[in-house]
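Peer 1: how would this look folded up:
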Amino acid sequence: MRFSLMPIALASLASATQQKPLSSHDPSSTFIQSSIYGRNLDVSSLPEPVTLPPSYQYREQDENLFGGINTFSHLEFTECTKFENSGSFDIGIVGHPFDLGVSYRPGARFGPNGARQGGRRFSPAASYDMDHPGVNPFRDWATVTDCGDISNTPFDKLVAIHELEKGMKAINSLKPKNESAGDAVRLITIGGDHTITLPILRALHSTWGRVAVLHFDSHLDTWDPKQLGGGLTKHSEVNHGTMLHIAHEEGLLSNNSNMHLGSRCMLFDEHFDLNNDLRCGFSYIRARELDTLGVDRVVKKIVERVGDEFVYLSVDIDVLDPAFAPATGTIEPGGWTTRELLAIINGLSNAGLKIIGSDVVEYTPIYDNAAESTGIMVSQIIFEILHWMVKVPVKKPKA
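Peer 2: Numbers count the residues shown, from 1 in each chain. Presented below is the predicted three-dimensional model:
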């Protein structure tokens, strides 16, 4: 005959610890009566549930920052490509979910959605901040909206680029809401890989002519297609490292007012890459120069070079050190901090440079960390650019 020791062991354990069997729990007792508050608590003495006074009115700022439909900063959504929405906004946030031009890690097509996720901590009703005293860019003279994304095919790079250009032209053709301040709508574009700067510059050219490009990036992106991607097909010539070379060849850039900022990349050739970059009208401030120049002198050098030109701002997040922006496609160590980048952008805003458009590109959410550090940083850059556009209204050039 076989005996089980389990019942004997359980009985001994219960006796030793003076615990009652679970089956003795009275299901009729309330949570409070059986909780840490003690059995002697007088339940009747608890206050009644709080009720809202009849005069209470719902306030926009009471919304949860983590709730709602995913637009940037909980902005209203506008179908900006439709002509009937002309005159309904002044500054638009628009996404370009495109990454057919990458040379290393893909995934930037999900950048617009990721940046909107990062921007959910902002609220149009409560966006005053200590670095811009007394200013809420969502409640100033400009009406700001989220234009959604411009659709483009994932199967053909050149067709997709033309679709992005067509969408941007449609939005740029609209009238702004407040024409007394600025007589053209302005857009902050969320990429997408850096190739998208080319169709954007093409779309802007009919309104603004040649523009000075301030290019925050660890890479030059003026590579001749013969050096990067060319020689196979026409499709391969257009990519995120050649788009500024092509923009120069098409006459979209100012002659000698363009700048690379935060540069620190490898080169293909001892002399050719830098000589070609100079030919395209660029000078540069390398990432390491910030250590000796400081933010104020960097800003001064930029302002002196740009002068009174119309400015297009392009921010590749790999200008930052990977410690601050790990979620990008082509990482280069030794970059700037988030604080340094924001301080430079703020300095350019305070200098009154005439910004006519901007993009923030190469955010690849799949490589972000659990804290969404890169996505939050991208949204902060967009917020800083928005402050710049509100601070410096711009009029179109006279015909």
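Peer 1: now stretch 131-142: buried residues?
Peer 2: 132, 136-138, 140, 142 (16 or more other C-beta atoms under 10 Å). To be clear about C-beta, it is placed using only N, CA and C from the backbone, and glycine gets the same treatment.
Peer 1: can you show me the helices along the chain?
Peer 2: Per DSSP state H, the chain carries helices over the ranges 6-17, 111-118, 157-172, 197-208, 234-237, 243-249, 272-279, 289-306, 338-350, 373-391.
Peer 1: would you list these in TSV and tack on mean pLDDT?
Peer 2: Below are those laid out as TSV (pLDDT from 0 to 100):
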stretch	mean pLDDT
helix 6-17	50
helix 111-118	94
helix 157-172	95
helix 197-208	97
helix 234-237	79
helix 243-249	95
helix 272-279	90
helix 289-306	98
helix 338-350	98
helix 373-391	97
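Peer 1: right, and those - which one's nearest Asn85?
Peer 2: With C-beta to C-beta as the criterion, Asn85 lies closest to helix 157-172 of the helices of the chain, at 9.2 Å.
Peer 1: for that closest one, name the packing helices and strands.
Peer 2: With contacts taken as 3 or more C-beta pairs under 8 Å, 6 or more residues apart in numbering; DSSP states H and E, helix 157-172 sits against strand 91-96, strand 186-191, helix 197-208, helix 234-237.
Peer 1: ok, 7 Å please
Peer 2: Under the contact definition 3 or more C-beta pairs under 7 Å, 6 or more residues apart in numbering; DSSP states H and E, helix 157-172 sits against strand 91-96, helix 197-208.
Peer 1: point out the most buried one among those.
Peer 2: strand 91-96 (a mean of 26; mean count of other C-beta atoms under 10 Å).
Peer 1: send me that strand as CSV with only the CA atoms.
Peer 2: Output of strand 91-96 as CSV, limited to C-alpha atoms (Å, rounded to 0.1, in the frame of the first residue of the first chain):
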residue,chain,number,x,y,z
ILE,A,91,1.4,76.3,-40.8
GLY,A,92,1.0,72.6,-41.5
ILE,A,93,2.6,69.4,-40.2
VAL,A,94,2.8,66.9,-43.0
GLY,A,95,4.2,63.4,-43.2
HIS,A,96,6.2,61.7,-46.0
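Peer 1: and it, what does it pack against?
Peer 2: With 3+ C-beta pairs under 7 Å, 6+ apart as the test, strand 91-96 has strand 144-149, helix 157-172, strand 186-191, helix 373-391 packed against it.
Peer 1: figure out which of these is closest to Gln227.
Peer 2: Among the helices and strands packed on strand 91-96, helix 157-172 sits nearest to Gln227 (C-beta to C-beta), with 18.5 Å.
Peer 1: now the angle from that closest one to helix 197-208?
Peer 2: 30 degrees (axes from the mean of the first three to the mean of the last three C-alpha atoms, to 10 degrees).
Peer 1: quick one: work out the angle between helix 157-172 and strand 186-191.
Peer 2: 150 degrees.
Peer 1: go through helix 157-172 and flag the buried ones.
Peer 2: 157, 160-161, 163-165, 167-169, 171-172.
Peer 1: let's have these in JSON lines, adding distance to Lys396.
Peer 2: Listed next are the buried residues of helix 157-172 as JSON lines, based on distance: C-beta to C-beta, whole Å:
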{"residue": "Lys157", "distance to Lys396": "31"}
{"residue": "Ala160", "distance to Lys396": "29"}
{"residue": "Ile161", "distance to Lys396": "25"}
{"residue": "Glu163", "distance to Lys396": "25"}
{"residue": "Leu164", "distance to Lys396": "22"}
{"residue": "Glu165", "distance to Lys396": "19"}
{"residue": "Gly167", "distance to Lys396": "20"}
{"residue": "Met168", "distance to Lys396": "16"}
{"residue": "Lys169", "distance to Lys396": "15"}
{"residue": "Ile171", "distance to Lys396": "15"}
{"residue": "Asn172", "distance to Lys396": "11"}
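Peer 1: just the closest of the residues you listed to Gly111, please.
Peer 2: For these, the nearest to Gly111 is Leu164 (13.7 Å; C-beta to C-beta).
Peer 1: that concludes my questions; thank you for your assistance.
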